[in-house]
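Kindly generate the corresponding structure for this input.
(2 chains)
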Number of protein chains: 2
Amino acid sequence: MATFGKESGLGGAESSCTTPLTTPMATPVSTRSVKWEKDVEDVAGDLHRPLLYKRCTNTTSQMAIVGANTCPIESLDYEVVENDVYKQDWRSKGKLQVFQYQVLKWVLALFVGLVVGLVGFFNNIAVENIAGFKLLLTGNLMLQNRYVAAFVVYICCNATLAAAAAALCAYIAPAAAGSGIPEVKAYLNGVDAHSILAPSTLLVKILGSILGVSAGFVLGKEGPMVHTGACVASLLGQGGSRKHGLTWNWIRYFKNDLDRRDLITCGAAAGVAAAFRAPVGGVLFALEEVTSWWRSALLWRTFSTTAVVAMVLRGLIDYCRSGNCGLFGKGGLIMFDLGSRQATYTATDLAVVILLGILGGLLGALFNFLIDRILRVYSLVNDKGARYKIIMTVIISVVTSCCTFGLPWLTSCTPCPPELARKCPTVGRSGNFKNFQCPPGQYNALASLFFNTNDDAIRNLFSAGTDGEFGVSTLLTFFATVYTLGLVTYGVAVPSGLFIPVILSGASFGRLVGTLLGSVSGLDAGLFALLGAASFLGGTMRMTVSVCVILLELTNDLLLLPLIMLVLLIAKTVADCFNKGVYEQMVRMKGLPYLDVHAEPCMRSLVAGDVVSGPLISFSSVERVGAVVDTLRHTGHNGFPVIEDPPFAPAPELCGLVLRSHLLVLLQGRIFTRRRVKTGAAEVFRTLAPFDFAKAGSGKGLKVEDLDLTEEEMDMYVDLHPITNRSPYTVVETMSLAKAAVLFRGLGLRHMCVVPRTQGRPPVVGILTRHDFMPQYIRGLYPSELPR
Amino acid sequence: MATFGKESGLGGAESSCTTPLTTPMATPVSTRSVKWEKDVEDVAGDLHRPLLYKRCTNTTSQMAIVGANTCPIESLDYEVVENDVYKQDWRSKGKLQVFQYQVLKWVLALFVGLVVGLVGFFNNIAVENIAGFKLLLTGNLMLQNRYVAAFVVYICCNATLAAAAAALCAYIAPAAAGSGIPEVKAYLNGVDAHSILAPSTLLVKILGSILGVSAGFVLGKEGPMVHTGACVASLLGQGGSRKHGLTWNWIRYFKNDLDRRDLITCGAAAGVAAAFRAPVGGVLFALEEVTSWWRSALLWRTFSTTAVVAMVLRGLIDYCRSGNCGLFGKGGLIMFDLGSRQATYTATDLAVVILLGILGGLLGALFNFLIDRILRVYSLVNDKGARYKIIMTVIISVVTSCCTFGLPWLTSCTPCPPELARKCPTVGRSGNFKNFQCPPGQYNALASLFFNTNDDAIRNLFSAGTDGEFGVSTLLTFFATVYTLGLVTYGVAVPSGLFIPVILSGASFGRLVGTLLGSVSGLDAGLFALLGAASFLGGTMRMTVSVCVILLELTNDLLLLPLIMLVLLIAKTVADCFNKGVYEQMVRMKGLPYLDVHAEPCMRSLVAGDVVSGPLISFSSVERVGAVVDTLRHTGHNGFPVIEDPPFAPAPELCGLVLRSHLLVLLQGRIFTRRRVKTGAAEVFRTLAPFDFAKAGSGKGLKVEDLDLTEEEMDMYVDLHPITNRSPYTVVETMSLAKAAVLFRGLGLRHMCVVPRTQGRPPVVGILTRHDFMPQYIRGLYPSELPR
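Predicted structure coming up:
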C-alpha cells in the first residue's frame, strides 16, 4: 500500500490508479514512503499546497474508490525504445518512407499553421462582431439618452455571454478554463494532464474564448490561442480524433511522444503568432516560455509554421478591408501603429524609464503573489461543482459591467482638444475620444478606455500625440480597476489569457507615470504606455526576448528596441527577487510534476539509491502470462525491468526495460508458448506489425481490462525479449541525485534503471521516475536535508 | 603505438601529444585501431579529407617529433566533476558567495557587451576613415582627370593595407584568418582549437579586419566581429591574460568550461549585435548557428549583453553625428533605411519571390560547393608558409583593385534622372550616383557600386525609388564579379566574413531579377535587392530566424517579414538538397571533431562495446606515485578510471573517474604516504585549496614536465579518492551506440565509462570520448556498416 501511496501522491506521475490493490504482492513496505505520505496528510488543510496534488492525495487514502480519471496525469516518454520491434521497423524503412516521413513532418507543420491562422482569424471576426454589436446597441441607446435601458442591455448581454462561456467550460470541458499556457508548458516538459489536448477541449476553448472576450471581461484571447494551437497540432498529429470517427492512417509515423512534442511546439508558436500577428515573437515565445527541449531543426520548422500563420492572416485581413467581415474593420488582431517616432532620449528619460522598470517589476511581482492567493480561494468554489462555477462567472461579469459602465459617470466631460485633426468625439463602434453621456464637442476620458473592447482600449492608451487626453485621475481609476478585475477574472471558468489584462494595466500605469513626470521627461505619453506595458509583462511573465519581439512586432517600430529591452530587463530582475513567473507558479499550483532544468542544490548530498524504494516488480525475460497479467492489474507502473536469468544467462543480469503499453499489445496478440523457451522476434511479427506497438493518443491505448485470456493461456509463457528495450539508460546507485536528475531531464526520460555498484546483488536496484526528482517527494523522505 | 594513433588521428581529440612513447606499456594493440589508422593513411592524398585532421595524422606516424602544438585540439568538459574537492567547495560556499557569483556573472556579461560595443564602434570608425581617405584621395585625382595616377594610388593603397593585414595574420596569429565563426561554433560544441581565443588572436582579428575591409576586399567585418566577441568574452572570463600580466583573482568562480561557454555565447551574440546593430538578431544568431547547448537563462543573459551593445552603439553614433569622428558620417554600421513601404503584393509578386528563393538556394548551394573546393586548394598554398600567404593576399588584392577600378570603364555614362530630388552625381566620399569619369550631370552606374565601401554599395542596391538606376548589364557584371571575388577572397590570410559578399551578390542578383521581371511584378527594385540578399543568405548559411530578424533590424521595416520569411524558407529548403551550410562545412573541413545532434543512423546497429578498445590505463584508488607519473608521461589521455580494489573493497569495483589536470595538481601538492592507506580529503585541504583544482585557460594548466619528484617520492603512495569524480556517467557495453551518443552529446561530456554487462569481469570495459562517436572513426572500424 505504502509504495502505491508514494506513486499516486505526486499527482500520480507514473500511476494510472486503475484498480484497488487486493492481492498481497512482494512489495516491501518502505518506511520512507509511509513517512512521506503521513507528511502530506499532515498539511492537508494548508492552503499553500498544490491543488490537483491535494485531490490526488485524498484519493490515495481511499484506494478502493480510485477511478481512472481521478489521477489524470501521465508522463511522456521521449526515449527511443530500442527493442526488436523498433529495430525491425527501422531496418525495414526504405528511403522512400524516410522521405515520406520528412515531407509529412513539414506538411503537418505547415498545415498546423494554416488551421491555427484560420482559427485565429475566425476568433477575431467573431469577437469583433459580437462585442461590436453589443457596444453599438448600447451606444445607440446612450445617444437617445436612455441610460438605464442601455445599462440593462449592456449588463444582460455581458452576463448571458459569460454564462454561456462558463456553462461550456463547466459541463463539456473543464480543462478549457484558464489560459492553458501552464498546461501546454507542462505537456512539453513531459507531463500529460488528462484531456488537456482533447477535441472537446479545443472546441470549448475556441467558443468559450470568443464568448468570454465578447462578454467584456478583462481577459485576453492570447493565452487561449496558444492552447488552441497546441490542441490543433495534437489533433492533427494524432491523425484526427478516433472517438469522432475522423482518422487518417497515413499519419502513423507520428504516433510517438517525440514527434507529437515537436508538432505541439509548432502549434503553440502558431497560437502566439496568430494572437499577436507576431511570427518571430511566436517562435521566441515557444522557445523561451513553453518548451523544455529545443533543437535547431525545430526552430526552423516552427518558424515556417508561424510564417504560414502570418500569411493567412495577412491575406484574410486584406480580404476584410473591403468590408466583407461585418464589424471587423481596422480593429481586431491588435497591431498598434504608433506612427514613426524617432526616439531620441536624454539621460533624464533613461532615469524615468529605469524607474518605470522598477515599479513595473514590483507591481508585477505583487500581481503574481495575489493571483496565486485568489486562485487558491477560487479553487474551493470551483471544486463544489459546475453550477457554482457558472454563478461565480456571472457575478464577476456583473461586477465588471458595473465598473465599465458605472465608473465613466464619475468623471466629468472634457472638451475636445481644438487642434485635433481626428474626429472628436468619435461615433460608431471603435475609436478614441468616446462621447458617452457627454454633450457634443466633449468626450469622456474614462469611457474611451472602459466602454470599448480591450484591444481598442490598448490602442487608445498607446496612441501618440494625445498627451493630454487622459488625466491623472482617469488613468489612476482605470489602472486600479483593471489591475483588480484582471486578478479576479483569471480564475473564473472561462478560457482567459493574462496578456491583455497585464498589457492594459501596464499601459495605463505607464501613461500615468508619463503624465505625472511629463515635465521631467520629453517622451511621448503613448511611448510611456508602451514601456509600462513592457515593464508589467516583464514583471509578471518574466519573459524578455519574446515579449520584446512581440511588442516590436505589435508596434512596428524597431527604434524603440533599446528602451523596451532596458525596461524589460529591469522589471524582470526586480520581480525575480520576490517570486517566480506567473506561468511557472501556476504549473506548480496545479501540482503538475514539472522538471526544472536546475536540480535542487540539496540533491547533491543525496545519491540515486537514497530515493529509490526498491524494484517493486520485475519480470523474467520469459515470464508466465498469469504473472504478467496479475502485475499489470495490481500495479499502476508503466515500466518494468526485465531480468535475464538462468537458463538464458549464467547469472541474473539486467536485460532491459519493458513498457506496460507494449506488454498489453503482446498479450493481446497471444504469442504464448507452453514451455519456458525463447520464441524470438520473428514469431511476434507473424501476428503483429511494428505499428501495433505505436503509442496511442493520451488515454486511448489498450487497458488491462481489455485483455480476455483463458485460464489455460494464463499458465503459458510469453517471451518478453522482442519488446524489451535493450538499451535503457542506467545509473549506479551511488550516482549523485543531482547528476541523475540532469541525465533524466536532459534526455527527457520516463524511466531510469538504478543498478547496484557492487557485484553479487540483484542486477537492478530500482527504477527512478519523474516524481522521484520532485522536491516535495525528496522533502518528504529527508525533511532535514531540504531547507527549502 | 596503435592505440595512440587512434587517439591523435582524429585531430587528437583527447590527446595532448606531449612526449614520444618509449616505455613498453600494458596497452593491448587492438587490431581495430590499427585497421583504422591504416585506413586513414590510405586516403592521405585525397583532397576531400579534413585539413587539420590530415596534419595531425601525418604527425601521428612520426610520434617522435610530435610537439605540444601540432595537435592543438582539446575537448572541453561540461560535466560536474563531483569529487570531494568539489563537494568541499560547494559546502563551504556561503549565501554571500553564491550571490557574488550570480552578480559577477551578470557584471561580466554586461561588461562583455560594453567592450564588444566599443570594439565594434572603433572598428567602424577606423574602417570608415581609412577607406574613406583612400577613396577621397583617388576621387580627387579622378576629378582632375589624372586617371592613371588615381589607379596607381588606389591599387597601392589596397595592396599595402592587404599586405599589412596578411602579415599580421601570418606571423602573429594564424588563427585569426578567416571568419572565425566555424571555430567559435566548434568551441561551443566542446572543441577547443589551439589559440583560437588567445589575446594575440583577438588583437590581430581586430586590426586585420580593419585593414582587410579598408583594403577594398570583397569581405565583411561581421564574421570577425563574432570571433572578436568570443575572444573578448573568453579573455574577460579568464580574468585577463596571465601571459601579459593582467589577471584578476576575483574571477576564479568562472574557471570552468561551463561558465566560459556561457560567457563566450554572450560574446558571440554581442559580436553579431555590434556588427549589424541588431540586438535581437544577435541573440538569435547565437542560438541558431553558434551554440550547441542552450538554456532559457542564457537567452536572458545574452539578451542583456546585446542590449548593452545596442545602447553603447547608439550613444556613440549620437556623439558622432556632430562630426567628431572624422569621415564617419552617416555611413558605417550598416542600417539600411528603406523608407516606409507599405508592401502590398499580388499573387504574381509571390510567384516572382518564390522564383527568387529557388534561384538563391541554387546559387547559394553552388557557392558552398565552390568555396569548399577553393579553400582546399588555398590550404595547399597556405601550408607553404607565411610568405606565400602574404603573396597570395596581395595578388587577390591587386585583382580586386583592377576589377573595382577597371570594370566601371566598360560601362557608358548615364544621364542623371531629372526627377531626382537628391544630388546627382554625388560628390565626396559616399553616396549613390557616383560620377567617376563621367561629365557633370551624368553618373557611372558600375562605379556607384564598385567604387564605394561595401556597406555603401549595399545601401545603393537596397535604395528604394531608384528602379532605373542600374541597368541589366551593370547588375550582371557586378553580380558576377562580386560572386567570384567573394569566393576567392575568403580563403586568404586576413580576417574575413562571408556576410557582406553574400549580401552583396544576393542583392545585385535580386535587383537583376527585379529589373528583368519589372514588367511582371509591381515590387520595388530595392525590395528585390533585399529579397535577393535574403535568398542568398538562406542558401549559403542556412539560417532562417536569425537572418530574418537581422534583415528586419537592418531595414527597420517589419511589414516585409512575410516576404523575407518565404524567400528564406524556400532558399534553405532548395539548398539543403545539395549540401550543408557553409559554416558546418567549414567545421568539417577544418577537421574539428564536431558532435552532431543526430547520431548517424548506422550507430543504431553498433553497441558501445564495439567502438571501445579497452580501458587502456586505470588507477587503483590508492596508487603508487611512480605509476601515476609514468602513466601521465606516456599517455595523452585526460581521464582515467579509478578502481577500488582490496583491501578498500571486497572485490574490484569502479570508484570513479579522475582527470589528468587534477592528478597533476595533487602530485604537485605532494600529499603522499609511505604505506598504501587512505588519507582522505582533509589531508588534501591542509595543503591545497579547492581553487587550485580549477581549470586553467586553454593550454595553460600544469604539465607533467613541471613535476619535480624525487626517487623516494616516486615510491610513495597517493590517495586518489579526494579527486575522484564518484558519479561519472556510465553506459553498459551493450548500450546502442546511437543512444550512448545522445547521452554524450546531450550532457556535453568529455569521458564516459563503459561498464560490463555481466558480473565477474573487471568493473570497467573502457572509456568513450568524443572521437569514438565520429563517423570517420566508426567508418574505419566497420567499413561495411556505413553505406554513406
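
Skipping its backbone neighbours, what lies nearest the residue in the stretch 151-300 of chain A that chain B sits nearest to in space?
In the stretch 151-300 of chain A, the residue that lies nearest chain B is residue A:300 (5.1 Å; Cβ to the nearest Cβ). Placement of C-beta: from N, CA and C, glycine included. Of all residues not flanking residue A:300 in the chain, residue B:544 sits nearest, at 5.1 Å (Cβ to Cβ, 6 or more residues apart in numbering or on different chains).

which residues does that neighbour contact?
A:299-300, A:303-304, B:288, B:538, B:565, B:568-569, B:572 (Cβ atoms under 8 Å, 6 or more residues apart in numbering or on different chains).

how close does it sit to residue B:610?
Separation of residue B:544 from residue B:610 (Cβ to Cβ, to the nearest Å): 37 Å.

Could you do residue A:163 as well?
Counting by Cβ to Cβ, the gap from residue A:163 to residue B:610 is 67 Å.

next one: residue A:470
73 Å.

same check, this time on residue A:226
45 Å.

tally of neighbours for the residue in the stretch 1-150 of chain A positioned nearest to chain B?
Closest to chain B within the stretch 1-150 of chain A is residue A:82: 5.2 Å, counting by Cβ to the nearest Cβ. Neighbour count for residue A:82, taken as other Cβ atoms under 10 Å in any protein chain shown: 20.

SS state for the nearest residue to it once chain neighbours are set aside?
Excluding its sequence neighbours, the residue lying closest to residue A:82 (Cβ to Cβ, 6+ apart) is residue A:727, at 4.7 Å. Put simply, residue A:727 is coil when judged by DSSP: H, G, I helix; E, B strand; the rest coil.

hmm, the longest helix seen in chain A touching chain B?
When chain A is parsed with DSSP state H, its longest helix is helix A:95-143. No - if you take Cβ under 8 Å from any Cβ of the partner chain as the test, helix A:95-143 misses chain B, and the best it gets is 8.6 Å.

what comes into contact with the helix or strand hosting residue A:643?
Remark: residue A:643 resides in strand A:639-644, with elements defined by DSSP states H and E. The list of residues contacting strand A:639-644 from outside it, by Cβ under 8 Å, 6+ apart, reads A:14, A:615, A:617-621, A:631, A:652-660, A:663, A:720, A:724, A:728, A:750-751, A:753, A:762-764, A:767, A:769.

Which of the residues you listed fall within helices?
A:631, A:660, A:663.

what does the stretch 651-788 of chain A have sitting close to chain B?
Counting by Cβ under 8 Å from any Cβ, the residues of the stretch 651-788 of chain A near chain B are A:651, A:653-654, A:726-727, A:729-732, A:734-736, A:738-739, A:742-743, A:746-747, A:757-760.

scratch that, the stretch 401-550 of chain A
Selection of the stretch 401-550 of chain A residues close to chain B by Cβ under 8 Å from any Cβ yields A:544-545, A:548-549.

if you set the cut-off to 6 Å instead, what comes out?
Contact residues (Cβ under 6 Å from any Cβ of the partner chain) of the stretch 401-550 of chain A with chain B: A:544-545, A:549.

tell me the domain boundaries of chain A?
A:1-73, A:101-321, A:350-407+A:464-589 (automatic domain parsing).

would you turn those into a markdown table with mean pLDDT?
Formatted as a markdown table, the domains of chain A follow (pLDDT from 0 to 100):
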| stretch | mean pLDDT |
| --- | --- |
| domain A:1-73 | 33 |
| domain A:101-321 | 88 |
| domain A:350-407+A:464-589 | 89 |
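
quick one: which of those domains is nearest residue B:712?
domain A:1-73 (51.3 Å; Cβ to Cβ).

Strands of the stretch 451-600 of chain A, residue ranges please.
Counting by DSSP state E, counting those that start in this stretch, the stretch 451-600 of chain A has no strands at all.

Mind telling me which residue of it is nearest chain B?
residue A:565 (4.0 Å).

For the nearest residue to that residue once chain neighbours are set aside, grab the count of nearby residues.
Leaving aside its sequence neighbours, residue A:565 sits nearest to residue B:307 (Cβ to Cβ, 6+ apart; 4.0 Å). Other residues near residue B:307 come to 28 when the count uses other Cβ under 10 Å.
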